[in-house]
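Asks: Generate a structure from the sequence data that follows.
(one chain, ligands or ions: 1)
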Amino acid sequence: MKRYLFTPGPVPTSRGVSLAEAGELIAHRGADFSELFLRIEKKLSLLLRSSGRTVIFPSSGTGALESLAANFTGPGVRVLSVSCGIFGDRFREIADLHGASITGVDVPPGEGVTPQIVAEAIVANSGTDVLLLTHNETSTGVLNPIEEIVSALPKWKKPLVLVDGVSSVGAMPCYPEEWGVDGLATASQKGLLTPPGLGLVWLSERAWERAAGKKCGSYYFDLVRQKKDLYKDAPENPYTPPVSLYYALDAALDTVTADGWFATRRRAADTFVAGAEALGFKPLVADKKFRSAGVSALSLPNGDISDVTKSLRAMGLEPAGGQGALRGKIMRIAHYHDVSWPEISLMLGALYAALGSARRGSGNFIEAAFDVWEGLAK
Ligand code: PMP
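Replies: Prediction:
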């Protein structure tokens, strides 16, 4: 049976990306590779609306987070970590492992981080050197308003702002330079529509200066070492890069930098959630303004959702379950790839079938969703 991936990473890759990835290998020291690298850098600059280049590691997203932690935290560094889920916790844990002094602020699962929460925490911890934030919390489907959060920080001593953008970049606007972010980590296998294996790190001018004056707690993830090769006229990677994934990323970036791509992700997510609600599911993120355009978390008002998740898998559809304390309580459906009306109706129809005898809500769920789909096109 064909299986349809609806997991928030990895996501299905397009035919163009698969073909690009299957291209013949080239040497990673030479003009052809540098040309490919430069092409990717230009597209990343367009996507992030940034002037600087982006470091690309052969790693997953956790490697990119580790790189930020290794270069900017460590013993004696005061870190404020604001978390609204598993991945915020992970970023904190990595900084902790690197020896930083951590103050944690926790927001309950399904709720978003407000500018006020962060500004108050910074005022209460006025010696904070580094602030850790998550843009899109994949474990709950919360999208945090990074731009507003950063602009509400007290101006007298702005900490270095490091953001986990692993599940936002590519699917939602993420403009670190314009927003005043100092370090952004992301990965290939979600919004960037590329197979797993690349971790990306973007830094502000201020962060590059800070990194240059500090000993990094990692050899492989040392950003200053990367910078030397990254900013050559013919850029290269200090260590052997996964060349095939670079080809794949180059092709995928054409999709995510196309006009209207973010709007179509938003439209797909909102449409799907409207249909699921009409079927009786409850979005974990109650406040619409915090809902992710990449991944939607659903619960059932009266109980365990794991039977629905199991039924979907038996039907060939692959959602993600809940993680940690949310295991069995939520199901997560992703909209990173080119999900459109056919995929949405496929998933809603499967949910309708999966509810079986416990089916609730009206029989008009497809019409309810279609109205939203049509309305959002205007
Ligand atoms: N941060 C976020 C927000 C994520 O969604 C993930 C992956 N689900 C990670 C970090 C870790 O990334 P990886 O699994 O690629 O190491």
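Asks: In contact with the residue in the stretch 251-378 of the chain that the ligand sits nearest to, which residues are there?
Replies: Residue nearest to the ligand within the stretch 251-378 of the chain (Cβ to the nearest ligand atom): Val295, separated by 8.3 Å. (C-beta placed from N, C-alpha, C; glycine too.) The contact partners of Val295, taken as Cβ atoms under 8 Å, 6 or more residues apart in numbering, are 8, 136, 138, 141, 167, 320, 332-336.
Asks: Measure how buried the closest residue in space to it that isn't next to it in sequence is and give me the count.
Replies: Nearest non-adjacent residue to Val295, counting by Cβ to Cβ, 6 or more residues apart in numbering: Pro8, 4.1 Å away. If you count neighbours by other Cβ atoms under 10 Å, Pro8 ends up with 28.
Asks: cool, Ser292 as well?
Replies: Residues within reach of Ser292, counting by other Cβ under 10 Å, total 29.
Asks: give the contact list for it.
Replies: 136-138, 141-143, 167-168, 172, 269, 285 are the contacts of Ser292 under Cβ under 8 Å, 6+ apart.
Asks: of the residues you listed, list those near the ligand.
Replies: Among the contacts of Ser292, the residues within reach of the ligand (Cβ under 6 Å from any ligand atom) are 138, 167.
Asks: Show me the residue at the heart of the chain, geometrically.
Replies: Per Cα atoms, centre = their mean, the C-alpha nearest to the average position across the chain is that of Ser167, at 1.1 Å.
Asks: Kindly indicate whether that one is helix, strand or coil.
Replies: Recorded secondary structure, Ser167: coil (DSSP: H, G, I helix; E, B strand; the rest coil).
Asks: Show the pLDDT at it.
Replies: Per-residue pLDDT puts Ser167 at 98.
Asks: Could you do Lys155 as well?
Replies: pLDDT recorded at Lys155 is 86.
Asks: among the contacts of Ser292, which ones are buried?
Replies: 136-138, 141-143, 167-168, 172, 269, 285 (16 or more other Cβ atoms under 10 Å).
Asks: Averaged pLDDT, stretch 36-47. What do you get?
Replies: Mean pLDDT, stretch 36-47: 98.
Asks: buried residues in that stretch?
Replies: Those buried within stretch 36-47 under the rule 16+ other Cβ under 10 Å are 36-37, 40-41, 43-45, 47.
Asks: In a markdown table, list these along with distance to Val17 and secondary structure.
Replies: Output for the buried residues of stretch 36-47, formatted as a markdown table (distance: Cβ to Cβ, whole Å; DSSP: H, G, I helix; E, B strand; the rest coil):
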| residue | distance to Val17 | secondary structure |
| --- | --- | --- |
| Leu36 | 14 | helix |
| Phe37 | 17 | helix |
| Ile40 | 13 | helix |
| Glu41 | 18 | helix |
| Lys43 | 13 | helix |
| Leu44 | 16 | helix |
| Ser45 | 20 | helix |
| Leu47 | 15 | helix |
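Asks: near the ligand, which of those residues show up?
Replies: Okay, of the buried residues of stretch 36-47, nothing touches the ligand (Cβ under 6 Å from any ligand atom).
Asks: Give me the nearest residue to Pro115, chain neighbours excluded.
Replies: Using Cβ to Cβ, 6+ apart, the closest residue to Pro115 is Ala152 (3.6 Å).
Asks: All the strands of the stretch 51-200 of the chain, residue numbers only.
Replies: Secondary structure of the stretch 51-200 of the chain (DSSP state E, counting those that start in this stretch): strands at 54-58, 78-83, 101-106, 130-134, 136-137, 142-143, 160-164, 183-187, 198-203.
Asks: Which one, of those strands, ends up nearest to Ala368?
Replies: Nearest of the strands of the stretch 51-200 of the chain to Ala368, taken as Cβ to Cβ: strand 142-143 at 23.1 Å.
Asks: wait, doesn't Trp36 sit right on Ala248?
Replies: Rather than Trp, residue 36 is Leu. No - look at Leu36 against Ala248 with Cβ atoms under 8 Å: they stay out of range, at 11.0 Å.
Asks: among the helices and strands of this protein, which has the poorest mean pLDDT?
Replies: The weakest-scoring helix or strand in the chain, judged by mean pLDDT, DSSP states H and E, is helix 365-375 (a mean of 75).
Asks: now Thr194: how far from Val256?
Replies: Here Thr194 is placed at a distance of 10 Å from Val256 (Cβ to Cβ, to the nearest Å).
Asks: more neighbours, these two?
Replies: For Thr194 versus Val256, neighbours defined as other Cβ under 10 Å are more numerous around Thr194 (28 against 20).
Asks: Would you confirm that that one contacts Ser188?
Replies: Yes - counting by Cβ under 8 Å, Ser188 is a contact partner of Thr194 at 3.8 Å.
Asks: shared neighbours, those two?
Replies: Taking Cβ under 8 Å, 6+ apart as the contact rule, Thr194 and Ser188 both touch 245, 248-249, 252.
Asks: Which one of those is nearest to the ligand?
Replies: The nearest member of the shared contacts of Thr194 and Ser188 to the ligand, counting by Cβ to the nearest ligand atom, is Leu245 at 12.9 Å.
Asks: what residues are up against that closest one?
Replies: 21, 58, 188, 194-195, 197-198.
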